[in-house]
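Visitor: here you go, sequence then predicted model.
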Amino acid sequence: MQLVDAHVAQRPRSPEPGSAVSIGVEGRLRDRLPRMARGHSLAIGMFATRCCGSNVLVGDMTVRFVDAPSPDVVALSPIGGVAVFADRRLVDLLATAGPSLVEVGLPFVRHLAIELALPAAWLDFMASPAACRRPA
């Protein structure tokens with residue numbers, strides 16, 4: 001499934017009506033998200049690295065607030081008025097794995113994270129060529 005045209009890939013896109021990517025939000029977080037964002041956008045990204053000099057790739061998704069999105073992202077539907085962008089390598093994964101925005105961590109160091117309804121999809125993604133590609 002191709003969600004991004006290559007010639008449009010140089011800048012963030014506006015979400016398409018009826019976007020294939022739907023991100024759930026933990027109930028109590030939905031009301032607090034605009035206050036947490038303080039006018040910033042939410043960026044969903046990833047990191048990956050080779051483990052122990054082998055061909056095993058390990059990594060995770062990241063969620064953070066940014067002033068301005070980088071050019072290698074795709075705009076998703078806003079959540080509670082907060083603009084949401086995702087690394088283009090993650091769009092297919094997010095469209096199929098049932099992502100939800102949640103708050104995790106100890107009470108004094110809570111942070112945002114993406115939780116997948118189908119966590120095995122992340123393992124499949126990490127074994128794919130997309131995980132190894134550097135952002136455009």
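Guide: Nice, I can see it.

Visitor: now do the helices in the chain.
Guide: Assigned by DSSP state H, the chain shows helices spanning 27-37, 91-96, 120-126, 129-132.

Visitor: next up, the contacts around the residue sitting nearest the centre point of the chain.
Guide: In the chain, the centroid-proximal residue (CA atoms, centre = their mean) is Ile44; its distance is 2.9 Å. Applying CB atoms under 8 Å, 6 or more residues apart in numbering, we find Ile44 in contact with Met61, Thr62, Val63, Leu76, Val84, Phe85, Ala86, Asp87, Leu90, Leu94, Ile114. Where C-beta positions appear, they are placed from N, C-alpha and C, glycine not excepted.

Visitor: beta-bridge partners for the first one, please?
Guide: When you say that, I think you mean Met61. Counting by DSSP bridges, Met61 forms beta bridges with Met46.

Visitor: tell me the contacts of it?
Guide: Met61 touches Ile44, Gly45, Met46, Leu90, Ala113, Ile114, Trp122, counting by CB under 8 Å, 6+ apart.

Visitor: please indicate which of these are buried?
Guide: Ile44, Gly45, Met46, Leu90, Ala113, Ile114, Trp122 (16 or more other CB atoms under 10 Å).

Visitor: got those residues as TSV, with pLDDT and distance to Glu103 columns?
Guide: Listed next are these as TSV, based on pLDDT from 0 to 100; distance: CB to CB, whole Å:
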residue	pLDDT	distance to Glu103
Ile44	95	15
Gly45	93	18
Met46	91	19
Leu90	93	20
Ala113	95	7
Ile114	95	11
Trp122	92	19
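
Visitor: list the contacts of stretch 105-112.
Guide: With CB under 8 Å, 6+ apart, stretch 105-112 has contacts from Leu29, Met36, Leu42, Val63, Arg64, Leu101, Val102, Glu103, Val104.

Visitor: give the buried subset of these as a ChimeraX selection command.
Guide: A single ChimeraX command selects the buried members of those (16+ other CB under 10 Å):
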select :29,42,63,101,102
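
Visitor: right, and the pair among the contacts of Ile44 with maximum separation?
Guide: Greatest spacing in these, by CB to CB: Thr62 and Leu76 (15.0 Å).

Visitor: what bridges to Leu42?
Guide: Bridge pairing for Leu42 - DSSP bridges - gives Phe65, Val84.
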